[in-house]
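[1] turn this into a structure:
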Amino acid sequence: MRRLRNVKIVATLGPASNDYDTIRALFEAGADVFRLNMSHGDHEEIKVRHGIIRKIENDLGRPIAILADLQGPKLRVGVFANGEEDLTVGQKFRLDLDKAEGDSTRVCLPHKEIFAALEPGSSLLVNDGKIRLKVIECGKDFANCEVIVGGTISNRKGVNVPDVVLPLAALSEKDRKDLDFVCDLGVDWLALSFVQRPEDVEEARELAYGRAAILSKIEKPSAVTNFDAILKVSDGIMVARGDLGVELPVQNVPPIQKRLVRKCRAAAKPVIVATQMLESMIESPVPTRAEVSDVAAAIYEGADAVMLSAESAAGSFPVEAVKTMDAVAIEVESDPTYREVMEASRDGKKETVADAIVSAAREIAETTNIKAICCFSQSGKTASLVARERPRVPILAMTHVVGTARRLVLTWGLHCVIARPVDRFKGAVIASTRAAMAEGFANKEDQIVITAGVPFNIPGTTNILRVAPCDERLIYSGDPE
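    Here you go, the predicted model:
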């Protein structure tokens, strides 16, 4: 199942992709990571989907990453006596804690934390930003607002508060239960919603207790402001452009996306670009030209992965959506401009021995007839550093830790191989050459580059590089251990 592109594809599962045959077809079409959306489906449904993915993994002999996306706190208005009301520009409208049914003048907002954070001049966005309210006067249990952008407001529509940091934890009580459930189930990544500060990530990490890697969703202005600190404590990032485009002016999102992707690459941490990538394919077998350009732009920027949401979860053409994304990625990566962009955006700083080793591995591979770079790694750090270099040759991530192999599937360019444990470098060389040939990256006449850390099985000790022939007779002919 060798992919013909380096960027990875994340496909969300749902009612349209809920059985073995469909999920396997999605994987064979190009999906590398499957997202389980904890906002939809109960624990039993999630467990069934997880079991199907692991069965496909076993049947096809390829590691597959599973990402559980936690819902996060949902802020919503209450209900209206008439079900909905029309708000006009300039009128006054009140939000309060009174649970009585709403009318054209007021409605319940059952979140006292919002009132605690509001101040005159704050903005409130309702129904994905279709309605905009400006706070004129507020207290601990109310906010009198002016309607800046009118429209129809109806029962339980979502509320966004873009210009204040809310005193809310990123994890609701539901999220805590979901987190424990999916970690025990055996997911590889946890996507954390509603991140505002690094402390939110640290709380999730404590609860996960090493059972899954933490991926922070950047969907609030405060997360953009605090991004460097959030990135430092996260294992990966998702640029969640849906809510981000609601809480910020839409024209701000593309430069933010580009900036965040570059920072993630510099930190050697995977980044997913998500939301509305092929939205029209929910109902159409072909995407719009603008959507194709959007996917291509994320790939040109160097994103590790691009994501499908409703397109694969609830759309009429889930497999076609994955095939489209796969085809776009292959075409973009074959463009000489893509290589120019990747190389021009490479960070030349080398602060550690590992940085120097992986940089040298890329340079050797690109200036000689090397077929692949093989990274032996327990924690995955070596492979991530090689991927940061965006080399022209394939990367094989070799590890005996199944969880590491699965997590690394999300990272750009990594073809993950579960290998037997080795305790000597010659064993790593032999295992690497055999894997390169078995996986179709090289033959006996070829050479590969191998990086590893000695002594073995100690994370963060990348300190050795070897150019090796794939012919084992040459490896055994008097080579030192």
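[2] pull the contacting residues for the nearest residue to Thr88 once chain neighbours are set aside.
    Excluding its sequence neighbours, the residue lying closest to Thr88 (Cβ to Cβ, 6 or more residues apart in numbering) is Gly150, at 4.7 Å. Glycine gets a C-beta too; all of them are placed from N, C-alpha and C. Contact partners of Gly150, counting by Cβ atoms under 8 Å, 6 or more residues apart in numbering, are 86-89, 91, 131.
[3] neighbour-wise, give me the winner out of those.
    Leu87 (22 neighbours; other Cβ atoms under 10 Å).
[4] beyond the host helix or strand of Ala452, next helix or strand please.
    Here Ala452, judged by DSSP states H and E, is contained in strand 447-453. Heading C-terminal from strand 447-453, the first helix or strand you meet, by DSSP H and E, is strand 462-469.
[5] which elements pack onto that following strand?
    With contacts defined as 3 or more Cβ pairs under 8 Å, 6 or more residues apart in numbering; DSSP states H and E, strand 462-469 has these neighbours: helix 353-367, helix 381-388, helix 425-438, strand 447-453.
[6] repeat that with 7 Å
    Contact here means 3 or more Cβ pairs under 7 Å, 6 or more residues apart in numbering; DSSP states H and E; on that basis strand 462-469 packs against helix 353-367, helix 425-438, strand 447-453.
[7] sorry, back to before: can you list contacts of the strand holding Ala452?
    Residues from elsewhere that reach strand 447-453, judged by Cβ atoms under 7 Å, 6 or more residues apart in numbering: 357-358, 361, 364-365, 369-376, 382, 386, 425, 428-429, 432-433, 436, 442, 461-470.
[8] what mean pLDDT does that strand get?
    The predicted model gives strand 447-453 an average pLDDT of 92.
[9] helix or strand for Lys263, which one?
    Here Lys263 is assigned to helix 253-266, by DSSP H and E.
[10] now that helix: mean pLDDT?
    pLDDT averaged over helix 253-266 gives 97.
[11] what residues sit buried inside that helix?
    Neighbour-count burial for helix 253-266, counted by 16 or more other Cβ atoms under 10 Å, picks out 253, 256-258, 260-261, 264-265.
[12] same list, these, but as TSV with distance to Ile475 please.
    Listed next are the buried residues of helix 253-266 as TSV, based on distance: Cβ to Cβ, whole Å:
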residue	distance to Ile475
Val253	51
Ile256	49
Gln257	45
Lys258	44
Leu260	43
Val261	39
Cys264	37
Arg265	34
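[13] can you tell me which of these is nearest Leu474?
    Arg265 (35.9 Å; Cβ to Cβ).
[14] okay, domains of the chain per the record?
    Domains of the chain are assigned by automatic domain parsing as 8-72+170-334, 84-160, 353-476.
[15] show the end-to-end separation of the first one, please.
    In this case it means domain 8-72+170-334. Taking Cα to Cα, to the nearest Å, the first and last residues of domain 8-72+170-334 lie 15 Å apart.
[16] same question for the shortest one.
    One end of domain 84-160 sits 19 Å from the other (Cα to Cα).
[17] what about it, average pLDDT?
    pLDDT averaged over domain 84-160 gives 95.
[18] what separates it from the chain centre, distance-wise?
    32 Å (Cα atoms, centre = their mean, to the nearest Å).
[19] and if you look at the longest one?
    The offset between the C-alpha centroid of domain 8-72+170-334 and the centroid of the whole chain comes to 4 Å, using Cα atoms, centre = their mean.
[20] now the last one
    Relative to its chain's centre, domain 353-476 lies at 24 Å (Cα atoms, centre = their mean).
[21] 18 is where my numbering starts, stick with that
    All right, first residue 18 from here; so that's domain 370-493.
[22] buried ones in stretch 165-180, by neighbour count?
    For stretch 165-180, by 16+ other Cβ under 10 Å, it's 167, 170-171, 174, 176-179.
[23] what of stretch 142-160?
    Judged by neighbour count using 16+ other Cβ under 10 Å, the buried positions of stretch 142-160 are 142-144, 146, 148-150, 152, 155, 159-160.
[24] next one: stretch 412-426
    With the criterion 16+ other Cβ under 10 Å, stretch 412-426 contains buried residues 412-418, 420-426.
[25] any idea how far apart the tips of that stretch sit?
    With Cα to Cα applied, stretch 412-426 spans 12 Å between its terminal residues.
[26] got a list of contacts for that stretch?
    Against stretch 412-426 from outside (Cβ under 7 Å, 6+ apart): 25, 49-50, 80-82, 205-206, 230, 389-397, 400, 403-404, 430-438, 448-449, 452-453, 456, 458.
[27] could you do stretch 286-301 as well?
    By Cβ under 7 Å, 6+ apart, stretch 286-301 touches 27, 248, 251-259, 274, 277-278, 281, 304-305, 308, 311-312, 315, 320-328, 331-334, 337-338, 341-342, 427-428.
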